[in-house]
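Visitor: with the sequence up front, the predicted model follows.
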Amino acid sequence: MAARTLGALAAVVLLAAPPLLPKYPLEILISILFYAYLGLAWNILGGFAGQFSFGHAAFFGIGAYTSTLLLLRAGVSPWLGMLAGGALAAAFGLFAGYLSFRYGLRGPYFSLVTLAFAEMLRVVSVNAKVVGASLGLVIPTGAPAPSLFVFAGKLPYYYVILAMTVLALLINGGIARGRLGYALIAVRENEDAAEAAGVNALGGKLAAMVLSSFLTALGGTFYAQYFAYIDPTITFGPAISIQGLLPAIVGGAGTVLGPLLGSFVLTPISELTRAGLRGRAGADIMLYGLVLMLVISFLPQGLMGWWRVVRRPGR
Amino acid sequence: MSGLLFQAVVSGLLLGGVYGLVASGLTLIFGVLRIINFAHGAVMMLGMYASYWLWVWLGVDPYLSVLLTAPAFFVLGMGIQRVVIEPNRAAAEHNQLLLTLGLALFLENLALVLWQGDFRTLRVPYANASFVIGDALVEVSRLVAAGGAVLIALALFVFLRRTDVGKAIRALAEEREGAMLVGIDVARIRAVAFGIGSACVAVAGALITPFFYIAPDVGESFNIMAFVVVVLGGMGNFIGALVGGLIVGLAESLGAALLPGSLKQLVVFVIFVLVLLFRPEGLFGGARGR
């Protein structure tokens, strides 16, 4: 009961408070939700299914580039482009996932192959003039046009990413409570045993891949519209893959609330140190690396795992 | 063979020798510890800075500097293993991978904080020495780097075959419980393996400083290249790493000669994905990938 009250309270605060916030805290809140969203998307594949993707940048970039190119070349609204990007990313995820899982790639080998796919897309987009090559693409943000995903001020973007995060939370919650979740967790814990018990491991992992890549691509479109600029390194580089999976790891991979919690802890640390140590390039990421090592060493199950132990000592 | 291609083959083989040494260290660490060390490139970067500062402050030639940096990085590697990785032996595979990733982020950005991001070059007097074979121009510094790298990797191979410590390392890579049963101090051997791997990559870094820029993120591309080489040669397979290094160097160099822009990297990644999918145990066998 207490948890439900707390959740309702948090929801009210997240809905009602932002209009009262100054610009900078609002920007941080948008960042928190953005990385929470990416973490939730990654969590479906990396957390529940235990398939440790190191290349979600591939899907993120496909989303960002698809909606942006459709907008720039054909005048298609990013709201539609977002869905197109999601579909394309899901198709790519299905392709990459089918190849990897079909040939039985597991553990670090799967991580490496996803990393390689993302890097291939990065190298291609750096060299392809059609997609702006290494100069990247600028998204026009003249007059506010809600139908074109362009708003005045930060607040509307906040509500967009809030809605996306709620959607991702609901999908994660649905998976955790449903058949798919049980199948994925069984596969994660012991794939051979799960298959022996009649779980369709390949089907389950591919379903997780499709959902995860689709949602990640929507995040790419959000990024493009919010920052109004994308380039191959930002969208396909390893950094976005890492920043997307860390909230889930720190919060607790394979839990519904973990990625959200992880981002609420991790993102302010990174944003505030970046602001505080502006004169020292790299200091913020250095701290980030240190936090990562400490979390893995002392909270291997993430914050959610730690909370479970605290709440029920002796278990 | 046209001049351009011959030049590409020569350059590729020279670069491949260095890849081979970088990958030898990585494959040794993988073989013994069963973790993919994402911090390998960051350690290489530190090795390059170590040689750079020894040159700037004390005028030590980069080739001589390895006499200092190799032992220093052996100790550093053992320290990293003892303090950061060993306490997490029991952690899940992906957590160990993230641990080395955290270490890489930490080291790379530590270098950025300490020495800023500008590219540095170490201008030795013999930097431009070169000679011609057939149609190809061979820079002496690149030849020394490749030759030195291959020699060190082969010396390491002999060390692993002939000495007690080397045999213990191989035993541990082969069969952990068996190694413990015959009384091998596995924790110590793991630290030694990480130390040797780190020393290897630091030496590789030193060998390329006469012709390669130095910057905090210089290790990243070598890191990914080393992953490719290690997978190609078979994870944990030592000679495979050397041959794989030559293949990748050649592929990259030929890609650069035949493809526009930086598409050369695409060739390497395509090879990488194909090997991962169809022969994850590597071209020459190694730890099983599936």
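Guide: That came through, no problem.
Visitor: residue ranges with poor pLDDT in chain B?
Guide: Applying pLDDT under 70 to chain B flags residues B:1, B:285-290.
Visitor: go ahead and confirm residue A:245 touches residue A:35.
Guide: No: contact between residue A:245 and residue A:35 fails when scored by CB atoms under 8 Å: they sit 10.0 Å apart. No exception for glycine: its C-beta is placed from N, CA and C like everyone else's.
Visitor: quick check: neighbours shared by those two?
Guide: The overlap between the contact sets of residue A:245 and residue A:35 (CB atoms under 8 Å, 6 or more residues apart in numbering or on different chains) is empty.
Visitor: I'd say residue B:20 and residue B:246 touch.
Guide: Yes: Residue B:20 lies in contact with residue B:246 (CB under 8 Å); the separation is 6.4 Å.
Visitor: those two: which has the busier surroundings?
Guide: residue B:20 (31 against 21; other CB atoms under 10 Å in any protein chain shown).
Visitor: how much space between the most centrally placed residue in chain A and chain B?
Guide: Centroid-nearest residue in chain A, with CA atoms, centre = their mean: residue A:38, separated by 1.3 Å. Separation of residue A:38 from chain B (CB to the nearest CB, to the nearest Å): 16 Å.
Visitor: how close does that residue sit to residue A:303?
Guide: As judged by CB to CB, to the nearest Å, residue A:38 and residue A:303 stand 17 Å apart.
Visitor: repeat that for residue B:167.
Guide: Relative to residue A:303, residue B:167 is positioned 44 Å away (criterion: CB to CB).
Visitor: CA atoms only: put stretch A:170-177 into CSV for me.
Guide: Output in CSV follows, covering the C-alpha atoms of stretch A:170-177 (Å, rounded to 0.1, in the frame of the first residue of the first chain):
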residue,chain,number,x,y,z
LEU,A,170,3.8,-0.1,-18.8
ILE,A,171,5.4,-2.4,-21.4
ASN,A,172,8.1,-3.5,-19.0
GLY,A,173,5.5,-4.1,-16.3
GLY,A,174,3.3,-6.1,-18.8
ILE,A,175,6.3,-8.2,-19.7
ALA,A,176,7.3,-8.8,-16.1
ARG,A,177,3.8,-10.0,-15.2
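Visitor: buried stuff in it?
Guide: For stretch A:170-177, the neighbour count (16 or more other CB atoms under 10 Å in any protein chain shown) marks A:171, A:172, A:175, A:176 as buried.
Visitor: again with stretch A:193-200
Guide: Neighbour-count burial for stretch A:193-200, with 16+ other CB under 10 Å as criterion, is recorded at A:194, A:199.
Visitor: residues contacting that stretch, please?
Guide: Contacts to stretch A:193-200, defined as CB under 8 Å, 6+ apart, come from residues A:183, A:186, A:187, A:201.
Visitor: list the contacts for the third one?
Guide: Meaning residue A:187. Applying CB under 8 Å, 6+ apart, we find residue A:187 in contact with A:49, A:50, A:194, A:199, A:201, A:204, A:205.
Visitor: so the fifth one versus residue B:51, what's the distance?
Guide: Same thing as residue A:201. Distance, residue A:201 to residue B:51, by CB to CB: 49 Å.
Visitor: please say which of those two ends up with more neighbours.
Guide: residue B:51 (29 against 18).
Visitor: what helix or strand is residue A:65 on?
Guide: In this structure, residue A:65 sits in helix A:57-74 according to DSSP states H and E.
Visitor: so that helix, near chain B or not?
Guide: No: if you take CB under 8 Å from any CB of the partner chain as the test, helix A:57-74 misses chain B, and the best it gets is 11.8 Å.
Visitor: how far off centre is that helix?
Guide: Centroid separation between helix A:57-74 and its chain, computed with CA atoms, centre = their mean, to the nearest Å, is 16 Å.
Visitor: and the helix or strand just after that helix, what does it pack against?
Guide: For helix A:57-74, the following helix or strand on the C-terminal side (DSSP H and E) is helix A:78-102. Packing partners of helix A:78-102 (3 or more CB pairs under 8 Å, 6 or more residues apart in numbering or on different chains; DSSP states H and E): helix A:57-74, helix A:107-127, helix A:201-227.
Visitor: how much space separates residue A:41 from residue A:64?
Guide: 14 Å.
Visitor: now do the contacts for residue B:224.
Guide: Contacts for residue B:224 (CB under 8 Å, 6+ apart) come out as A:115, A:119, B:41.
Visitor: and the gap between the second one and residue B:282?
Guide: Using CB to CB, one obtains 20 Å as the distance from residue A:119 to residue B:282.
Visitor: what's the answer for the first one, then?
Guide: Residue A:115 is 17 Å from residue B:282, where distance means CB to CB.
Visitor: settle it for me: which of those two has more neighbours?
Guide: Comparing residue A:115 with residue B:282 by other CB under 10 Å, the one with more neighbours is residue B:282, at 25 against 22.
Visitor: for the more buried one, what are its contacts?
Guide: By CB under 8 Å, 6+ apart, the residues touching residue B:282 are B:231, B:232, B:233, B:234, B:235, B:237, B:240, B:244, B:275.
Visitor: phi, psi for the closest residue to residue A:306 other than its chain neighbours please.
Guide: Excluding the flanking residues, the one nearest residue A:306 by CB to CB, 6 or more residues apart in numbering or on different chains is residue A:299, at 4.8 Å. Per-residue torsions, residue A:299: phi -130, psi 70 (degrees, to the nearest 10).
Visitor: from memory residue A:299 sits against residue A:307, does it?
Guide: No: assessed by CB under 8 Å, residue A:299 is found out of contact with residue A:307, at 9.7 Å.
Visitor: contacts for stretch B:251-270, please.
Guide: For stretch B:251-270, contacts defined as CB under 8 Å, 6+ apart pick out A:116, A:119-120, A:123-124, A:126-127, B:4-5, B:7-9, B:11-12, B:15, B:225, B:228, B:248, B:271.
Visitor: let's go with 6 Å and repeat that
Guide: A:116, A:119, A:120, A:123, A:127, B:4, B:8, B:11, B:12, B:228, B:248, B:271 (CB atoms under 6 Å, 6 or more residues apart in numbering or on different chains).
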